[in-house]
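Novice: one predicted model, sequence on top.
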Amino acid sequence: MLKIYNSLSRNKQTFTPIEANKVRMYVCGMTVYDFCHLGHARVMVVFDMVSRWFRSSGYDVTYVRNITDIDDKIIKRANENGETIDVLTQRFIDAMDEDFAKLGVESPAFQPRATQHIDGMIAMISALIEKGHAYQATNGDVFYSVRSFANYGKLSGKSLDDLRAGERVEVDTFKKDAMDFVLWKSVKPNEPNWDSPWGKGRPGWHIECSVMSAHHLGAHFDIHGGGQDLQFPHHENEIAQSEATHSCQMANTWMHNGFVRVDDEKMSKSLGNFFTIREVLKKYDAEVVRFFILRAHYRSPLNYSDVHLDDAKASLTRLYTALRGHKVSANTIGWNEPYAARFKAAMDDDFNTPEAVAVLFDLANEVNKTQSMAVASLLKSLGAVVGLLQRNADEFLQGIQPTSDLSKLPADDVLIQDKIVERLIAKDAKNFAEADHIRKELADAGIILEDTPQGTTWRRA
RNA sequence: GGCGCGAUAGCAAAGCGGUUAUGCCGCGGCCUGCAAAGCCGUUUAGACCAGUUCGACUCUGGUUCGCGCCUCCA
């Protein structure tokens, strides 16, 4: 019985799909004007894990993740770069795909782009105007009238009367209420625009998610997710738009993942304290980053630092070390097996990946003690459920980015093998001084040798 | 000002009203020519103050501190 913390009700609830054995899920994706940072990585890995768990649990999952390819920042950046928004957004979409693939994030069923759904947005805005939820202001912009929607604030727990609109940003004087938000912006010089009943212009941000979720999943779907910072106003506004348009509940369950932090502060563009995924991947193996994200609960804050990544790397190394020498692949899991049952119970409890990962470590210990193929296979299979441990163990242990000086590394694996043979000859001759010298030489280059009954193996530090 | 979240050992991070979380690090032992890996054992917990209870890290209230949202943000 899967339980999920629902932001809407502020407690854990048993998950009941709208349609038996099916899950329809929408997650707010990227605005593509720059490289993705670790905060984005977390959303993607978390909801990838969520969709994988649904599938492992026998659900047919339809996962939709949008791409925002038209907004103020994109236009600004394109102008700065002297390129078209199409060129700019496509470049960062490609970069995003590359980053996510490395992190083991599977492609969603649909990745709609805002600019492909302008007609749908115009239709929804028209409907909102007709129903009295939106109005065109004297400057030509169309706004949503928050006071017209009785439940405004139900997701974020905010009351319109307590919000401090205008405290930090000047309120647009064309609005009827300070909290009204824009659905359609009338055209400005040198900006991309589309024809509409309200003149040339472009859509506001929130409307795209209401339109694209309904297009792919219907007016009423199971799960809507995103980063915690989207809960208000973005998700609140989506609800206001969708529910006013369709007169039915939008999503049953709202999920929000916690922030990635740096020195206990939210990682964000405005603070400038962000690390891009590709920056981090220069230093750390992508699976280490994925593991780092999944060993924390998705709703908890996650502090980023090299110390923590080093720790994650050492931990993941233990898991792969247990798998080394076992030629096993992911297999069907018998969920009644005690370890598997514990893993499932953890995942069913609001996706408790830290607990699920603890089971993986217990299995690793079991593998190390018994050398059982069956246990190793289970470890690999449960790892697969969360998108971990699927590489060949030696490939991971020998391929991970070294923490030592790159320039000192032996040119290639062949050279390492030569050194190993050299050392074995010295060992056979009981010339331990020479053998230790060779081992030290390799150790200084970040290569650790391990003598086993089956011979000498190596891995990178 | 409104609303919300959190405080667990050196670091990271879970569950749980009474029984070893887990990982990294440290320490001792086994193994090893010596190491490494592994195995066994082990030192460090539950911000503070009350209350409920036979018993609280776990429930309740308060205090302190930290963080987030109320503007764009994953």
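Specialist: Received it, and whenever you're ready, just let me know what you need.

Novice: is residue A:234 in a helix, a strand, or coil?
Specialist: helix (DSSP: H, G, I helix; E, B strand; the rest coil).

Novice: residues touching the nearest residue to it once chain neighbours are set aside, list them.
Specialist: In this structure, residue A:234 finds its nearest non-sequential neighbour in residue A:206, 5.9 Å apart by CB to CB, 6 or more residues apart in numbering. No exception for glycine: its C-beta is placed from N, CA and C like everyone else's. Applying CB atoms under 8 Å, 6 or more residues apart in numbering to residue A:206 gives the contacts A:181, A:183, A:233, A:234, A:237, A:238, A:241.

Novice: distance of the closest residue to residue A:323 other than its chain neighbours from residue A:312?
Specialist: Using CB to CB, 6+ apart and skipping the chain neighbours, the partner closest in space to residue A:323 is residue A:393 (4.4 Å). Remark: distance between residue A:393 and residue A:312 (CB to CB, to the nearest Å) = 17 Å.

Novice: what residues are up against residue A:250?
Specialist: So residue A:250 contacts A:210, A:213, A:219, A:220, A:221, A:224, A:238, A:239, A:242, A:243 (CB under 8 Å, 6+ apart).

Novice: redo that, cut-off 10 Å
Specialist: By CB atoms under 10 Å, 6 or more residues apart in numbering, the contact set of residue A:250 is A:8, A:26, A:155, A:209-210, A:213-214, A:217, A:219-221, A:224, A:235, A:238-243.

Novice: out of those residues, which are buried?
Specialist: Neighbour-count burial (16 or more other CB atoms under 10 Å) applied to those gives A:8, A:26, A:155, A:209-210, A:213-214, A:217, A:220-221, A:224, A:235, A:238-243.

Novice: so what's residue A:119 up against?
Specialist: A:194, A:196, A:211.

Novice: near RNA strand B too, which of the contacts of residue A:206?
Specialist: By CB under 7 Å from any atom of the strand, the members of those lying near RNA strand B are A:181, A:233, A:234.

Novice: between those residues, which has the most around it?
Specialist: residue A:181 (22 neighbours; other CB atoms under 10 Å).

Novice: that one contacts residue A:143, correct?
Specialist: Yes - taking CB atoms under 10 Å as the definition, residue A:181 is a contact partner of residue A:143 at 6.6 Å.

Novice: for the stretch 151-300 of chain A, which residue gets nearest to RNA strand B?
Specialist: Nearest residue of the stretch 151-300 of chain A to RNA strand B (CB to the nearest atom of the strand) works out as residue A:227 at 1.9 Å.

Novice: my guess is that residue contacts residue A:299. True?
Specialist: No - the criterion here is CB under 10 Å, and residue A:227 misses it with residue A:299 at 11.2 Å.

Novice: neighbour count for those two, which is higher?
Specialist: Set residue A:227 next to residue A:299 and count neighbours by other CB under 10 Å: residue A:227 wins out with 20 against 15.

Novice: tell me the SS of the residue nearest to the more buried one when sequence neighbours are not counted?
Specialist: Of all residues not flanking residue A:227 in the chain, residue A:43 sits nearest, at 5.3 Å (CB to CB, 6+ apart). Of the three states, residue A:43 takes helix according to three-state DSSP.

Novice: in stretch A:107-118, what's buried?
Specialist: For stretch A:107-118, the neighbour count (16+ other CB under 10 Å) marks A:108, A:111, A:112, A:113, A:114, A:115, A:117, A:118 as buried.

Novice: need the max-distance pair from those.
Specialist: Greatest spatial distance among the buried residues of stretch A:107-118 (CB to CB): A:108 and A:118, at 21.2 Å.

Novice: name the helix or strand for residue A:66, please.
Specialist: strand A:60-68 (DSSP states H and E).

Novice: give the other helices and strands that that strand contacts.
Specialist: For strand A:60-68, the packing partners by 3 or more CB pairs under 10 Å, 6 or more residues apart in numbering; DSSP states H and E come out as strand A:22-31, helix A:38-56, helix A:85-102, helix A:207-217, strand A:221-227.

Novice: and the next helix or strand past the third one?
Specialist: Which is helix A:85-102. Counting by DSSP H and E, what follows helix A:85-102 is helix A:118-130.

Novice: so how far is that following helix off the chain centroid?
Specialist: 31 Å (CA atoms, centre = their mean, to the nearest Å).

Novice: give me the next element, helix or strand, following it.
Specialist: According to DSSP H and E, the helix or strand after helix A:118-130 is strand A:134-136.

Novice: so what are the sheet partners of that following strand and their directions?
Specialist: Strand pairing for strand A:134-136, determined by DSSP bridges: strand A:142-144 (antiparallel).
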